[in-house]
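Asker: I'll drop the sequence and a predicted model, then ask my questions.
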Amino acid sequence: MMRRKEARAGFLFALPWLFGLVAFMFYPLLMSLYYSFCDYSALRSPVWVGGDNYVELFHDEVFWTCVKNTLIYACVSLPLSMVVAIGLAMLLNTNVKGMTVYRTIFFIPSLVPMVSLAMLWLWILNGDYGVLNTALGAIGIKGPNWLSDVAWTKPALILMSVWGVGNAMLIYLASLQDVPTSLLEASELDGANAWQKTRNVTLPMISPVIQFNMVMGIIGSLQVFAIPFVMFPGGTPARSTYFYATYLYDSAFTYSRMGYASAMGWILFVVILLLTLVALKLSNRHVHYGGV
Amino acid sequence: MSKLSDLFIPGLIALSFLALAGTELRAHPKDDPVKTHIAVWVGWSGFEYDAFQSVVDDYNKSQNKVFVDLLSITGNSTKTLISTSAGIPPEISLLSAAEIPQFADAGAIDVLDEDCKKYGWTEDKYVPGYWGVIQYHGHTMALPATPSTVALHYNTDILKRSGYGKPPETIEEMDEMVNKITKVENGKVKVAGFLPAEPGWWRWSWGPYFGGQLWDGKSKITMNTPENLRAMKWVESFSKRFGPAQIQAYKSGFGVFASPENAFLADKVAMEVQGVWMNNFIEKYNPKLKWNAAPFPYPKDRPDLKGHTIIEQDIFVLLKNCKHRAEAVDFLAYLQKQGPMEKLCLGQKKSSPLRVKSDEFWAKQDNPCIHLFDDMAYNKNCIATPKIGIWPEYEAEIGNAMDEVSLLQKTPEDALKAIDARMQPKLDQYLNRLEKRREAGK
């Protein structure tokens, strides 16, 4: 009787969340799946067109340009961000005076809102009077036109992605502090140098966190949106910065093709799901859980 | 003690409700309950919003039946789209004239033909260019808000230094001036006479400036025509003359539009296409700039295009299925009167879309070229965005082609063919689906 009462109370407490989940997650999800098979502009009622949106997508040159741009971005920015985040976390895990200040300094950039960040980088990367090119000029390097040269716009965005590694870095830092010192000491006694300790003790011990950040990174980098949307409207120049999510947004809200955008959304969902599963499968044998 | 803590959360909730009720009471003055509230959404902000708020205040005080709740919204057209799709649109929304086909084809905005008859909103009341853009398939779909035309703004000092006392009349003259004014030293552009990509807001318009059409008005995309090709080659000629990398490098040094680093305000570009609003930015960021404006040049062999301009107009639309249509029309009728319209346009430092303007209206204008902007809207060659439902996508495609040609990635011929090849199936599909919906009554 008591258990039943508790269960009822628990259900009632969870009810607002359950309602939110159904109303704001499951319902839109299912409706978007339905709309992906419809001619739907949000202003008119949906009309069933079968798989036309999907067929059209596969013949859409702009769609493939966006896929290519997004994959290039993800393939470079994800590993780079991971290496930088782990590297920074290791540096910030050392026993140096004033470390909390350093940790704060390195974390602060990830607190800057995306739009402010985009505006900031417009100044940093300005080809003529930007901070970066001025600094490069001081050491005799002529900086490129980061924002207007098609060859440099994606590298510029990849560079910017490193700016936001603070969150991942913090998670790595927490996991680094959990690496048992006894293991590090044991390896030291066995004569391991710094690199061997890192490779054979530290990295395996934080491997679940690396795997977690990798999965989050895959999801995040394939959905890159805010910064290119603000900095390069329409994917300029010559669609060199037109990404999957920006084309999806334009299709839905600028071109009023909600059905088409829904199809794009579902393709992205399936791709991310598959990539995540593949990444988990491939990385599982390198991941070590404590106590297992 | 425990009883007090038990009351904390319910008390907090009650206080929140009271606070909300308080803000609601503040937002709606005492006499409001007897008035019908209508929602008006605009994308204006700053002094443009203030000017409209002042007119709205006048209206709210002028009668005791309707109260206009004015809201300034970023990305107003997207929000209007979402609210309309949710079935809770505002009564009136401020869109741009180019958005009429999308909203009208979807049956989201109300036809105003009957209201036009009732209130005398007829063609002869409005400046032709501004009246034309609110017509769609023979129906009046919107009413003018604040209008503008665009003109070639030129820096008189730079022109004088290069030996020119007046602006170019023809595009050929302009090209000659550009060659003389543009200075390239050590592979770096120091000053540019004109750049087709600056500010880059009307990249679709170069074809029409050469006499080209963007579609046949019915069902065919017509980018690949001799006039549009000529325009595209003209755009390409800048990159061929000065180098795409050099232009890119030069452009990357331009600041944002609303700043003293604006290319035109900072003497970096001698001539630029801009609208009536440019005077506000000149006054704010570089009041010492010596400038003037003239209609954009026409091709020498097409004198019939003389005086052409782009029509840029904000418009008021009445959303279908809004709660208080009659009250919304009453407010629109107030706005279309000479007094309120002049107050709004004067506050926004623009000309009025109405033909009749008071002497006071002209006297209070501080834009030295205001008559030019007004006169151009009477020109028979006014250029407006094509009334086509796929326009946003089409415009993006033209912009991308301009990029590719400017970067010398594609020839003008290939770029135009590519636009036609991509956009014609999209137009066909759009029109087919529209027709099917009409047949099905959806």
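Answerer: Good, I have the coordinates. If you're wondering where the values come from, they're calculated on a predicted model, not measured in any experiment. Numbering: from 1, shown residues only, chains lettered A, B, ... in the order given.
Asker: out of everything not next to it in sequence, what's closest to the residue in the stretch 1-150 of chain B that chain A sits nearest to?
Answerer: For the stretch 1-150 of chain B and chain A, the shortest gap (Cβ to the nearest Cβ) falls at residue B:106, measuring 3.4 Å. In this view, the C-beta of every residue, glycine as well, is placed from N, C-alpha and C. Spatial nearest neighbour of residue B:106, excluding adjacent residues (Cβ to Cβ, 6 or more residues apart in numbering or on different chains): residue A:43 at 3.4 Å.
Asker: got the residues of chain B near chain A?
Answerer: B:78, B:81-82, B:84-85, B:102-103, B:106-108, B:245, B:248-253, B:256, B:390, B:392-393, B:396, B:399-400, B:403-404, B:407, B:409, B:422, B:433, B:436-437, B:440, B:442 (Cβ under 8 Å from any Cβ of the partner chain).
Asker: which single residue of the stretch 151-292 of chain A ends up nearest chain B?
Answerer: residue A:238 (4.1 Å).
Asker: and chain B, is stretch A:118-138 touching that?
Answerer: Yes: shown here: stretch A:118-138 in contact with chain B (Cβ under 8 Å from any Cβ) through A:122, A:126-129.
Asker: where does the prediction get shaky in the stretch 101-250 of chain B?
Answerer: Across the stretch 101-250 of chain B, nothing is flagged by pLDDT under 70.
Asker: hmm, try it at 90
Answerer: For the stretch 101-250 of chain B, applying pLDDT under 90 flags the ranges B:185-188, B:245, B:248-249.
Asker: what about the strands in it?
Answerer: Under the criterion DSSP state E, counting those that start in this stretch, the stretch 101-250 of chain B contains strands at B:135-136, B:139-140, B:143-155, B:183-185, B:188-194.
Asker: and the last one, what does it pack against?
Answerer: Contacts of strand B:188-194 with other secondary structure elements, assessed using 3 or more Cβ pairs under 8 Å, 6 or more residues apart in numbering or on different chains; DSSP states H and E, are made with helix B:171-181, strand B:183-185, helix B:226-242, helix B:244-252, strand B:269-275.
Asker: buried stuff in the second one?
Answerer: Residues of strand B:183-185 classed as buried by neighbour count (16 or more other Cβ atoms under 10 Å in any protein chain shown): residue B:184.
Asker: and it, how far out from the chain middle?
Answerer: 34 Å (Cα atoms, centre = their mean, to the nearest Å).
Asker: give me the contacts around that strand.
Answerer: B:189-191, B:242-243, B:246 (Cβ atoms under 8 Å, 6 or more residues apart in numbering or on different chains).
Asker: assign residue A:80 to helix, strand or coil.
Answerer: helix (DSSP: H, G, I helix; E, B strand; the rest coil).
Asker: ok, it to residue A:160 distance?
Answerer: Going from residue A:80 to residue A:160 by Cβ to Cβ, to the nearest Å gives 11 Å.
Asker: these two - which one has more neighbours?
Answerer: Neighbour count, other Cβ atoms under 10 Å in any protein chain shown: between residue A:80 and residue A:160, residue A:160 has more, with 20 against 15.
Asker: list of residues touching stretch B:135-142?
Answerer: B:95, B:97, B:100-101, B:103-104, B:109, B:111-113, B:116, B:121, B:134, B:315-318, B:387.
Asker: circling back: out of the contacts of strand B:183-185, which end up buried?
Answerer: Using 16+ other Cβ under 10 Å as the burial test, the contacts of strand B:183-185 include B:189, B:191, B:242-243, B:246 as buried.
Asker: among those residues, which two are most distant?
Answerer: Spanning the widest gap among these are B:191 and B:243, at 15.1 Å by Cβ to Cβ.
Asker: neighbours around residue 192, how many?
Answerer: Going with chain A. 16.
Asker: you looked at the wrong chain, it should be chain B
Answerer: Neighbour tally, residue B:192, other Cβ under 10 Å: 25.
Asker: same thing with the one 3 residues further on?
Answerer: With neighbours defined by other Cβ under 10 Å, the count for residue B:195 comes to 25.
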